[in-house]
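Asker: Generate coordinates for the sequence data below:
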Amino acid sequence: MKALVALILLVQLPIHKAVPAPPLAPLGCDDPESEAAAEVAVSYINSHSHHGYKFALNRIENIRVLPQGPNNDIIFLELDLLETKCHVLSPTPLENCTVRSFAEHAVEGDCDIKLQKLDGKITVLASKCHSHADSNEDVAQLCPDCPLLASLNNTEVTTAVTAALGDHNSKTADAYLKLLEIGRAQIQYHPAHVVYVEFAVAATNCSAEEAKVHVEACQLLPDDQSNFGFCTATVVKRPSEDLQVNCQLYGHQVPTPDTPFFFRVFQSTSTSVGLVPSVAQGFTNHNLRFSHNNPVASESSEVPISVLPVKPVAKRAVAQHDKVPHPVGFVSPPLLCPGKVRHFKI
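Answerer: Down below sits the predicted model:
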């Protein structure tokens, strides 16, 4: 009898089912983990850029994480970047580079990056970027008299660069400089006609005085002495002519794994016949047209870089949640993405 009662009581006991662990909360675009991944991505992009200027993070547009196993995640990022005033050859750390203001005719970069976080270490697997300048109309609306970006092969621009570099070489007692590339140019027509140019240069094995006699023999310095630099110039054409140029050499830089690709390419060719000055034909800025797969990164996933959600899950969840009636005083949860704008939005 006692056994029967015990059996009945046992049957009546509630059955506690195992509760599965809740899924991990999605990363927000402004979470520290997201910003850490973005920092690695931006550093990678700048160190592999071929031309132009370093870019700084402006906004994390989206992030998606695909777990691959213990301590192994694939991360997809969409980033908005802004052009800085530091050329890719400049040794200045990115955090010390000034982002060009909206009135200076800003250039924005858009990047999709695929990364892997393995045992806490973040590595870039692949990236695709492109950049574009803000429209002339937007700049003129904010600042009607501000100079606008001009094509890098504009005759006024190339003439200004030639005049500026020639003026510097005629006055310096140091090394004769050669042009590497025109980085940026702006032309202002009112109230004065002014051409503003920026260009990268390299020191040669001739002094400026020696170059006056045999400039054709002047070659870029060999790898163990190479010295690159950057010049800015203002050429006033009206109401009265004037020329101001300032050139700065960076000093010899010993190549490292983080040295910009641009620097490594020029250094590797510096002992040959010299460099053909780089001019982006018909374009106002060097496009951050960057697509790269990291050949040394270990990857455990075959997911392509294009696998990014068309619409962030967090946005969809909030949108559906807002359709439900809420009590007075209810505060909607913040969107996880896109993240905050660090500078300004083009």
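Asker: C-alpha only now, for contacts and for neighbours.
Answerer: Noted.
Asker: could you pull out the strands for the stretch 101-250 of the chain?
Answerer: 107-118, 121-133, 148-149, 175-188, 193-207, 228-238, 242-249 (DSSP state E, counting those that start in this stretch).
Asker: Turn these into TSV, columns for distance to G166 and mean pLDDT.
Answerer: TSV is the format used below for the strands of the stretch 101-250 of the chain (distance: least, CA to CA, whole Å; pLDDT from 0 to 100):
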stretch	distance to G166	mean pLDDT
strand 107-118	29	96
strand 121-133	29	94
strand 148-149	23	94
strand 175-188	9	95
strand 193-207	12	96
strand 228-238	11	96
strand 242-249	10	96
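Asker: want to try CSV for those strands, with distance to L336 as columns?
Answerer: Formatted as CSV, the strands of the stretch 101-250 of the chain follow (distance: least, CA to CA, whole Å):
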stretch, distance to L336
strand 107-118, 18
strand 121-133, 21
strand 148-149, 36
strand 175-188, 36
strand 193-207, 39
strand 228-238, 41
strand 242-249, 44
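Asker: Distance to Q68 and mean neighbour count added to these, as CSV?
Answerer: Shown next, in CSV, are the strands of the stretch 101-250 of the chain (distance: least, CA to CA, whole Å; neighbours: other CA atoms under 10 Å):
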stretch, distance to Q68, mean neighbour count
strand 107-118, 9, 23
strand 121-133, 14, 20
strand 148-149, 46, 24
strand 175-188, 42, 23
strand 193-207, 44, 23
strand 228-238, 44, 20
strand 242-249, 47, 15
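Asker: I'd like to know which of the ones you listed is closest to K345.
Answerer: Among those, the nearest to K345 by CA to CA is strand 107-118 (8.9 Å).
Asker: how close does the closest residue in space to H193 that isn't next to it in sequence sit to Q141?
Answerer: Nearest non-adjacent residue to H193, counting by CA to CA, 6 or more residues apart in numbering: R238, 4.9 Å away. Counting by CA to CA, to the nearest Å, the separation of R238 from Q141 is 24 Å.
Asker: now G183
Answerer: G183 is 25 Å from Q141, by CA to CA.
Asker: next one: P191
Answerer: For P191, the distance to Q141 - CA to CA - is 17 Å.
Asker: How about A211?
Answerer: To Q141, A211 is 47 Å away according to CA to CA.
Asker: For these two, indicate the residue with more neighbours.
Answerer: A211 (19 against 11; other CA atoms under 10 Å).
Asker: Counting neighbours, what do you get for the closest residue in space to E209 that isn't next to it in sequence?
Answerer: In space, and not counting its chain neighbours, E209 is closest to A173: 7.2 Å by CA to CA, 6+ apart. A total of 11 residues lie near A173 under the criterion other CA under 10 Å.
Asker: dump the residue contacts of A173.
Answerer: Counting by CA atoms under 8 Å, 6 or more residues apart in numbering, A173 touches 207-209.
Asker: cool, L249 as well?
Answerer: Taking CA under 8 Å, 6+ apart, one finds 202, 227-230 in contact with L249.
Asker: ok, V201 - contacts?
Answerer: 177-181, 228-231.
Asker: For the protein, which helix or strand comes out least confident on mean pLDDT?
Answerer: Counting by mean pLDDT, DSSP states H and E, the chain has its least confident helix or strand at helix 313-321, which shows a mean of 34.
Asker: related to what we said a few turns ago, which pLDDT value does the model give the residue nearest to E209?
Answerer: Looking at A173, its pLDDT is 90.
Asker: where's it relative to G69, distance?
Answerer: Taking CA to CA, one finds A173 at 62 Å from G69.
Asker: Not including adjacent chain positions, what is the nearest residue to the residue positioned nearest the centre of the chain?
Answerer: With distances taken as CA atoms, centre = their mean, F55 lies nearest the centre of the chain, 3.0 Å away. In space, and not counting its chain neighbours, F55 is closest to E83: 4.5 Å by CA to CA, 6+ apart.
Asker: Same check on V236?
Answerer: Nearest one to V236, counting by CA to CA, 6+ apart, is V194 at 4.5 Å.
Asker: same thing with S90?
Answerer: Y250 (6.9 Å).
Asker: correct me, but that neighbour touches F228?
Answerer: Yes: look at Y250 against F228 with CA atoms under 8 Å: they come within range, at 5.8 Å.
Asker: which residues do these two both contact?
Answerer: Here Y250 and F228 share no contacting residue, scored by CA under 8 Å, 6+ apart.
Asker: ok now do the residue nearest to H193, which residues does it touch?
Answerer: R238 sits next to 192-194 when contact means CA under 8 Å, 6+ apart.
Asker: Kindly report the same for N58.
Answerer: Here N58 is in contact with 79-82, 341-344 (CA under 8 Å, 6+ apart).
Asker: now E39
Answerer: Applying CA under 8 Å, 6+ apart, we find E39 in contact with L57.
Asker: Please repeat the previous calculation with a cut-off of 10 Å.
Answerer: Under the criterion of CA atoms under 10 Å, 6 or more residues apart in numbering, the contact list for E39 reads 33, 56-57.
Asker: Could you do N169 as well?
Answerer: If you count contacts by CA under 10 Å, 6+ apart, N169 has them with 163, 175-178, 207-209, 211-212, 247.
Asker: coming back round to it: what values do phi and psi take at the residue nearest to E209?
Answerer: phi -100, psi 0 (degrees, to the nearest 10).
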